[in-house]
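Just need the structure, nothing else, for what follows:
(chains A and B)
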Amino acid sequence: MTFKFLINEITSLLNDMINELNYPNVDFSVDEPPRSDLCDVYSNIAFQLSRKLKKKPFDIAREIYEKIIKSYLQTKKDSMISSVEAHPAGYLNFRANYTKLTYETLLMNKFEQGMPDIGKNKHVLIEHTSVNPNKALHVGHIRNVVLGDCVYRILQYTNHNAYVLNYVDDSGLQVADIIVGFKFVNLPMQTDKKFDHYCGDDVYVKVNEMYKQNTSLVENSRYVLREIEKSDSEIAKFAKELTTKVLNEQLKTCWRLKVRYDCLNFESQIIQSRLWENVLQAMKKKEIVKVENNSESKHLGCLVIQGGLDGEEKVLLRSDGTATYIAKDIPYAAWKIGLVEDPFGYYKYTTQFDKTTLLATKLDSRNESNPGFHAADLAITVIDARQSRLQNIISKVLYMLGASLLRYVHLSYEVVTLSSDTAKMLDISIDNKQSAHMSGRKGIYVNADNLLDMLHKIAYEAAKLRNPDADNIWLERVAESIAIAAIRYSMIKQDLDKTITFDIKESLNLEGDTGPYLQYSHARACRIIEKSMYPLMTIDHDLASTLKTKHEIALIKEISKFEMHLEDATFNLSPKSIARYAYSLATQFNAFYEKVPVLHEENIEVSKARLILVNTFIIVMKTSLNLIGIDALEKM
RNA sequence: GCCCCGGUAGCUCAACUGGACAGAGCAUCGCCCUUCUAAGGCGAGGGUUACAGGUUCGAGCCCUGUCCGGGGUACCA
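Predicted coordinates:
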């Protein structure tokens, strides 16, 4: 929060300066420098002015300093700025008033990080996970789940009225495939494996292998697909039973990762509800769709979107009348932003790990109060970049139906692939390629539960080594937290438009730039507070002025930047910003921890001030970790 | 073919959205535990930011072209 004050003060000082000196208006930056030994904040304003004024940047910087800043610093006593330099390179370099910065920053201690109201209670829906209920989650899905959950946490924290939806595609081809496995290949329903693993690892893969030899089986899947859409058919009932069973196992995996939801939306109900008809009517009215009757067209007899993106047609209803994926997604999207009335009823599906209620849609909406999910100001759909084209079509259709383009956001990210080493470990042939794409159909993936189990085991051993006397319940709990931290952090620290090359060996490393490293810095700090003999003080200016070594200032500066990164994460829907901030915060703390004694400091006043610093670090680190769903362990 | 994304140290990735000398982790090699947890810290080596032009006071970032990799372009999702 405080660092932002410094930047704001400099920005307004420079804006006033432009007016006073009658300089032309220019865009200029007020930012952090690449290295902290240069300054705390710099501005490029002299460069921007130099073109219009036809003077050298350094001369302008010096002029600004001499004519404006010098007297500003002399008169403004409560300034966050302590000194300014016109650098020969042309930059204006500012130093912060460290005592003031320290005081303001450590004051946060007092009110435990007040929530910044960025969202103003804006109604936001976040759809993520949405894994076909015919298989278990693999690491590729985890990127989606964790990304969506972190965005939820960040929006929730910044006062958005946010809800999480999980779209259950219970009537698609992938579900049809495993029904074929059970009903036509007669694979057993009974298994010792976790049921989602069994369906994905064995049934789904096996059926897809059989399709290659036995084309009549493919016909069966078409038949199954048509039957599922009739709600009262035997197949439809079986599908419901089957998908519920798989879904429940998938949810266990998500809950294990500390991911929660507000509502399950079943695809089958989107077709069966009036939702589909209403949107269809609206689309017909606006001539967005038509039945293709051109006998030359490859889409003869289908209901198509005209001029989808590049003027190409996109099929909504197949010639046999069944709906394609996008035909269900458009009404769903329209429902999200309230272009249609809510046709659904809601019932309590279950209670989740965090004691919150998970609701699910149902077709009967009589005598029910509506939980108010639909008609959001903003709908965010978390789905990978391969869906970009489809998502763009959906946006365009919503726009043609009268919605603002700003209300539907596709949060896109690149997929997760397996490194060549990992592919080899799994006996996957990749012919000299650098990585392998995962494929549920081919059985090429790293299962999420299995990965968590491996991480848990390693973390357990590591924790036991360090805490030989600890009891088993504690070790289990800590190991689980560490495993989750490792996997969550690894999924969000990269840029969204970069493929994650997943490597098992690397992911099992709990050192360096990892989630456990963040937890460790927090745990270390907690031990200092725990062992302290003094009660925690509130910062005052005298205590603040005792904190002046390099590592203290660096840590204070990093803490003071928390809200800037939170804003960045919120506006850009970017959990990465929080993840990288937390890492940098942890690094600063570890350097401090190494070089600056707290409990062993002889000067009691200094020791007390450092305790406040450590405690503030704990608060900010814990808050940051919560935002990305990592437990702030007090001991590990 | 057309559209989208990527190419930065041996490997995996950053770079505050056009600013100062391109930074971390892993791996390799050194050093630091009678001192608040060594899941840590310090140091060393490692770079023509794929390539060629262009715009700019300034380009890893913007523009054009080329090369390489991935994805999309289904009556699959």
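
Looking at the stretch 1-150 of chain A, which residue is nearest RNA strand B?
Distance from RNA strand B to each residue of the stretch 1-150 of chain A (CB to the nearest atom of the strand) is smallest for residue A:42, at 2.9 Å. All C-beta atoms are positioned from the backbone trio N, CA, C, and that covers glycine.

I'd guess that residue is in a strand, am I close?
Yes: counting by DSSP: H, G, I helix; E, B strand; the rest coil, residue A:42 is located in a strand.

Now for it: which residues touch it?
A:30, A:31, A:32, A:33, A:87, A:91, A:92, A:93, A:94 (CB atoms under 8 Å, 6 or more residues apart in numbering).

at 6 Å what do you get?
By CB atoms under 6 Å, 6 or more residues apart in numbering, the contact list for residue A:42 reads A:33, A:91, A:93.

Return a PyMOL selection command for the buried portion of the residues you listed.
This is the PyMOL syntax for the buried subset of the contacts of residue A:42, where burial follows 16 or more other CB atoms under 10 Å:
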select buried, chain A and resi 91+93
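
ok, and of the contacts of residue A:42, which contact RNA strand B?
A:33, A:91, A:93 (CB under 7 Å from any atom of the strand).

and the residues you listed, which of them are in strands?
residue A:93 (DSSP state E).

burial of residue A:349, as a residue count?
Look at residue A:349: counted by other CB atoms under 10 Å, it has 19 neighbours.

Which pLDDT value does the model give it?
pLDDT for residue A:349: 97.

returning to that earlier point: with pLDDT added, can I get the contacts of residue A:42 in CSV?
Putting these into CSV (pLDDT from 0 to 100) gives the following:
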residue, pLDDT
A:33, 93
A:91, 95
A:93, 96
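
quick one: which of the contacts of residue A:42 is nearest to residue A:583?
For those, the residue nearest residue A:583 by CB to CB is residue A:33; the value is 19.5 Å.

so that closest one touches residue A:39, yeah?
Yes: Residue A:33 lies in contact with residue A:39 (CB atoms under 6 Å); the separation is 5.4 Å.

Please work out which residues outside stretch A:11-25 touch it.
With contacts defined as CB under 6 Å, 6+ apart, stretch A:11-25 is touched by A:30, A:45, A:49, A:52, A:64, A:68.

what does the average pLDDT come to for it?
For stretch A:11-25, the per-residue pLDDT averages 94.

in that stretch, what's buried?
For stretch A:11-25, a neighbour-count test (16+ other CB under 10 Å) marks A:11, A:13, A:14, A:17, A:18, A:23 as buried.

again with stretch A:574-588
A:574-583, A:585-588.

Quick check: mean pLDDT of it?
Stretch A:574-588 comes out with an average pLDDT of 97.

Ok, stretch A:391-399 next?
The model assigns stretch A:391-399 a mean pLDDT of 93.

Please apply the same query to stretch A:528-544.
Taken as a whole, stretch A:528-544 has an average pLDDT of 92.

What residues sit buried inside it?
Buried residues in stretch A:528-544, counted by 16+ other CB under 10 Å: A:528, A:529, A:532, A:539, A:543, A:544.

Between those residues, which sits nearest residue A:301?
Nearest to residue A:301 among the buried residues of stretch A:528-544 is residue A:529, at 71.5 Å by CB to CB.

so how far is RNA strand B from the closest one?
9 Å (CB to the nearest atom of the strand, to the nearest Å).

same thing with residue A:443?
Distance of residue A:443 to RNA strand B, given as CB to the nearest atom of the strand: 16 Å.

count of residues packed around the residue lying closest to that residue once chain neighbours are set aside?
Counting by CB to CB, 6 or more residues apart in numbering, residue A:443 lies nearest to residue A:205, which is 4.1 Å off, once chain neighbours are set aside. By the measure other CB under 10 Å, the count of residues near residue A:205 is 20.

Go ahead and confirm residue A:205 touches residue A:444.
No: between residue A:205 and residue A:444 no contact is recorded; they are 9.4 Å apart, counting by CB under 6 Å.

Make sure residue A:150 is actually in contact with residue A:573.
No: judged on CB under 6 Å, residue A:150 makes no contact with residue A:573 at a distance of 9.3 Å.

out of the two, which sits in the busier spot?
Comparing residue A:150 with residue A:573 by other CB under 10 Å, the one with more neighbours is residue A:150, at 26 against 20.

Regarding the more buried one, what is its secondary structure?
Secondary structure state of residue A:150, per three-state DSSP, is helix.

same thing with residue A:409?
Using three-state DSSP, the structure places residue A:409 in strand.

Tell me the confidence at it?
At residue A:409, pLDDT is 96.

Contacts only, for it.
residue A:380.

Point out where the stretch 501-636 of chain A drops to low pLDDT.
For the stretch 501-636 of chain A, no stretch is flagged by pLDDT under 70.

Check the gap between the residue of chain A found nearest RNA strand B and residue A:387 for me.
Proximity to RNA strand B, evaluated over chain A using CB to the nearest atom of the strand, is greatest for residue A:512 at 2.2 Å. Look at residue A:512 and residue A:387: by CB to CB, to the nearest Å, they are 33 Å apart.

which of these two has more neighbours?
Taking neighbours as other CB under 10 Å, residue A:512 and residue A:387 compare with residue A:387 leading, 16 against 9.

which parts of stretch A:338-345 are buried?
Buried, per 16+ other CB under 10 Å, within stretch A:338-345: A:338, A:339, A:340, A:342, A:343, A:344, A:345.

Take the residues you listed and keep only those in strands.
residue A:345.

from memory residue A:523 sits against residue A:632, does it?
No: between residue A:523 and residue A:632 there is no contact under CB under 6 Å: 8.4 Å.

what about those two, which has more around it?
residue A:632 (20 against 17).

what sits against the more buried one?
Applying CB under 6 Å, 6+ apart, the residues near residue A:632 are A:522, A:622, A:625.

buried subset of those residues?
Buried members of those, scored by 16+ other CB under 10 Å, are A:522, A:622, A:625.

roughly how far apart are residue A:31 and residue A:84?
The gap separating residue A:31 from residue A:84 is 15 Å, by CB to CB.

Now for residue A:81: which residues touch it?
When contacts are counted by CB under 6 Å, 6+ apart, residue A:81 touches residue A:94.

List the beta-bridge partners for it.
residue A:96 (DSSP bridges).

Is residue A:205 in a helix, a strand, or coil?
Taking three-state DSSP, the label given to residue A:205 is helix.

how much space is there between it and residue A:477?
35 Å.

next one: residue A:207
From residue A:207 to residue A:477 the distance is 40 Å (CB to CB).

Tell me which of those two has more neighbours.
Neighbours were counted for residue A:207 and for residue A:477 using other CB under 10 Å; residue A:207 has more, 26 against 13.

Report the contact partners of that one.
Shown in contact with residue A:207 (CB under 6 Å, 6+ apart): A:177, A:180, A:181.

cutoff 8 Å now
When contacts are taken as CB under 8 Å, 6+ apart, residue A:207 is in contact with A:177, A:178, A:180, A:181, A:185, A:217.

Count the residues that sit near the fourth one.
Residue A:181 has 23 neighbours, counted by other CB under 10 Å.

now the buried residues of stretch A:11-25 in JSON lines, with distance to RNA strand B and secondary structure?
Below are those laid out as JSON lines (distance: CB to the nearest atom of the strand, whole Å; DSSP: H, G, I helix; E, B strand; the rest coil):
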{"residue": "A:11", "distance to RNA strand B": "12", "secondary structure": "helix"}
{"residue": "A:13", "distance to RNA strand B": "16", "secondary structure": "helix"}
{"residue": "A:14", "distance to RNA strand B": "14", "secondary structure": "helix"}
{"residue": "A:17", "distance to RNA strand B": "17", "secondary structure": "helix"}
{"residue": "A:18", "distance to RNA strand B": "15", "secondary structure": "helix"}
{"residue": "A:23", "distance to RNA strand B": "15", "secondary structure": "coil"}
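
Among the buried ones among the contacts of residue A:632, which are located in strands?
Taking DSSP E, every one of these sits outside strands.
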